[in-house]
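Asks: Coordinates only, no sequence provided:
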């Protein structure tokens with residue numbers, strides 16, 4: 001039997017030596033604003049997980065909920081041009097559906113770029129595999145778990 005998306009995130013948290021901080025919100029956390037309202041934190045503390053295509057490879061961009069991604073800056077940080085990805089491609093490439101893409105627990109290794117603004121915030125809240133689940137973490141733990149590269153990727 002295959003593990004659920006939320007179980008994969010839980011397993012990744014525990015494997016990284018982190019606590020299981022996954023919380024369920026029946027009203028959903030599809031947008032950064034929805035998540036912040038549910039969690040009772042600032043929009044900036046929400047980690048938006050955005051998946052882009054670099055050819056056939058996914059690139060996960062983790063950005064503060066208060067920021068937008070500058071695609072040119074993200075492409076430069078990734079080392080090649082990034083393109084938008086549709087929902088079917090995101091699910092196939094990451095094992096997660098849009099609205100629940102987690103920064104950890106992916107089906108395969110994935111390049112991760114992290115918005116430098118996230119480093120100043122605590123705690124952070126990220127999707128945990130479904131639109132109704134989030135987990136809390138620190139910027140340090142997020143960096144360690146994702147092996148992401150901190151980058152200047154936000155739009156001015």
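Replies: Okay, I see it. Just so we're clear, the structure is a prediction, and the values are computed from it rather than from any experiment.
Asks: Checking residue 143 next. Helix, strand or coil?
Replies: Assigned with DSSP: H, G, I helix; E, B strand; the rest coil, residue 143 falls in the helix class.
Asks: Tell me how many other residues crowd the closest residue to it other than its chain neighbours.
Replies: Take residue 143 and drop its neighbours on the chain: the residue closest to it by C-beta to C-beta, 6 or more residues apart in numbering is residue 114, 6.6 Å away. Every C-beta, even on glycine, is put in place using the N, C-alpha and C of the backbone. Other residues lying near residue 114 total 24 when counted by other C-beta atoms under 10 Å.
Asks: Looks to me like residue 114 is in a strand.
Replies: Yes - counting by three-state DSSP, residue 114 is part of a strand.
Asks: quick one: contacts for it?
Replies: Counting by C-beta atoms under 8 Å, 6 or more residues apart in numbering, residue 114 makes contact with 62, 142, 143, 146, 148, 149, 150, 151.
Asks: Mind listing the residues bridging to it?
Replies: When assigned by DSSP bridges, residue 114 has beta-bridge partners residue 62, residue 150.
Asks: That one and residue 121: what is the separation?
Replies: Distance of residue 114 to residue 121, computed by C-beta to C-beta, to the nearest Å: 12 Å.
Asks: okay, and the helix or strand of the protein with the least pLDDT?
Replies: Between all helices and strands in the chain, the lowest mean by mean pLDDT, DSSP states H and E belongs to helix 32-39, at a mean of 89.
Asks: need the strands for the protein, in chain order.
Replies: Using DSSP state E, the strands of the chain run over residues 23-24, 46-54, 57-64, 83-84, 111-115, 124-127, 133-137, 149-151.
Asks: On the strand side of things, show who residue 135 bridges to.
Replies: Note on residue 135: beta-bridge partners by DSSP bridges are residue 126.
Asks: Verify the contact between it and residue 23 for me.
Replies: Yes - checked against C-beta atoms under 8 Å, the pair residue 135 and residue 23 is within contact range at 7.2 Å.
Asks: Thanks a lot, catch you later.
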